[in-house]
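1. pasting the structure only:
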């Protein structure tokens, strides 16, 4: 509990710096480009266009799902993935990436994953707006089910902040952990149900096992809001699985912070 209190105190004392650093990180990433941070939205938008062209024009593959074109079903699942893929690998390397904050000044290590997370959340908000407009273009107006999107965003933000603290500290100590995360990122994608419906897998034990992957729960949650028109509490198994995984990684992050925070400046 003492470690948890320390982390919360650091966030409370540096709350203004967190927002400033998050904005600075987004701007610095695309500094020198004529369009600046707009590239954070342009790149995933190009990906969505490619999917639309491939499945709607080229391959003409994919039957409508729940009355929605397959392309829109795919977009609803990919929307949170654009954010999560950045946090899976980038979150694990965030402390090493910003090691100057740790080695050259007395900056709380626990703050780095938080502002790194927020900087990518700005982009997610923009993509969410584009996705809603895209659904409207296809004739599907926003409805009450979209009110649960902030709930899934909160789940996503909380988990990947914890993940970035846990993974970031381990990667700061050992580059092998970062390499392991990079190697597993493709497996996480293909086992997350982003390009298929996990609930249609015939083996129940496998369906449940895949829901211990937070990417599966959140991506499926966005689809429930945009396509299936169901509330988050209607899938209690997913919520329980997410809570279990979140608790495990939270305990892991607390352990890593308590054990490694004094060693990291020397290692870096």
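-> Structure's in. What do you need? In this text the structure is predicted, and so the values were computed from the model without any measurement.

2. low-scoring pLDDT stretches of the stretch 51-200 of the chain, where are they?
-> Of all residues in the stretch 51-200 of the chain, those with pLDDT under 70 make up the ranges 51-62.

3. now the helices for the stretch 51-200 of the chain?
-> 70-92, 94-97, 99-103, 111-137, 149-173, 175-190 (DSSP state H, counting those that start in this stretch).

4. can you give me the offset of the third one from its chain's centre?
-> The reference is to helix 99-103. 24 Å (CA atoms, centre = their mean, to the nearest Å).

5. Kindly spell out which helices and strands sit in contact with that helix.
-> Applying 3 or more CB pairs under 8 Å, 6 or more residues apart in numbering; DSSP states H and E, one finds that helix 99-103 makes contact with helix 264-267. From N, CA and C alone the C-beta is placed, and that goes for glycine too.

6. Repeat that for the fourth one.
-> Applying 3+ CB pairs under 8 Å, 6+ apart, we find helix 111-137 packed against helix 2-13, helix 15-29, helix 39-52, helix 70-92, helix 94-97, helix 149-173.

7. In JSON lines: those, plus distance to residue 183.
-> Conversion of the helices and strands packed on helix 111-137 to JSON lines gives the following (distance: least, CB to CB, whole Å):
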{"stretch": "helix 2-13", "distance to residue 183": "29"}
{"stretch": "helix 15-29", "distance to residue 183": "24"}
{"stretch": "helix 39-52", "distance to residue 183": "22"}
{"stretch": "helix 70-92", "distance to residue 183": "10"}
{"stretch": "helix 94-97", "distance to residue 183": "17"}
{"stretch": "helix 149-173", "distance to residue 183": "13"}
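
8. Now render those helices as CSV, adding distance to residue 247 and mean neighbour count.
-> Shown next, in CSV, are the helices and strands packed on helix 111-137 (distance: least, CB to CB, whole Å; neighbours: other CB atoms under 10 Å):
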stretch, distance to residue 247, mean neighbour count
helix 2-13, 13, 13
helix 15-29, 24, 15
helix 39-52, 31, 15
helix 70-92, 18, 22
helix 94-97, 22, 22
helix 149-173, 10, 22
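
9. Mind checking the helices of the stretch 51-200 of the chain for the one nearest to residue 227?
-> helix 70-92 (5.4 Å; CB to CB).

10. Apart from its chain neighbours, what residue comes closest to residue 201?
-> residue 207 (5.0 Å; CB to CB, 6 or more residues apart in numbering).

11. ok, the one you found - contacts?
-> Contacts here follow CB atoms under 8 Å, 6 or more residues apart in numbering; on that basis residue 207 touches 198-199, 201.

12. ok, now with 10 Å
-> 193, 197-201, 216, 237-238 (CB atoms under 10 Å, 6 or more residues apart in numbering).

13. Same check on residue 90?
-> 97, 116-117, 119-120, 160, 164, 167-168, 181.

14. and the two most separated of those?
-> 119 and 181 (19.1 Å).

15. Counting neighbours, go ahead and name the busier of these two.
-> Per other CB atoms under 10 Å, whichever of residue 119 and residue 181 has more neighbours is residue 119, with 25 against 20.

16. about what we covered before: identify whichever of the helices and strands packed on helix 111-137 lies nearest to residue 222.
-> Comparing the helices and strands packed on helix 111-137 by CB to CB, helix 70-92 comes nearest, at 5.2 Å.

17. ok and the closest one relative to helix 149-173, angle-wise?
-> Helix 70-92 runs at 40 degrees relative to helix 149-173, counting by axes from the mean of the first three to the mean of the last three CA atoms, to 10 degrees.

18. State the distance from the closest residue to residue 172 other than its chain neighbours to residue 10.
-> With CB to CB, 6+ apart as the criterion, residue 172 has its nearest non-adjacent residue at 4.4 Å, and that residue is residue 95. From residue 95 across to residue 10, the span is 14 Å (CB to CB, to the nearest Å).

19. joint contacts of these two?
-> With CB under 10 Å, 6+ apart as the test, residue 95 and residue 10 both reach 109-110.

20. distance of the residue nearest to residue 172 from residue 21?
-> 13 Å.

21. what touches both of these two?
-> 101, 112, 116.

22. Residue 94 is in contact with the last one, correct?
-> Pointing back at residue 116 there. Yes - between residue 116 and residue 94 there is a contact at 4.3 Å, judged by CB atoms under 10 Å.
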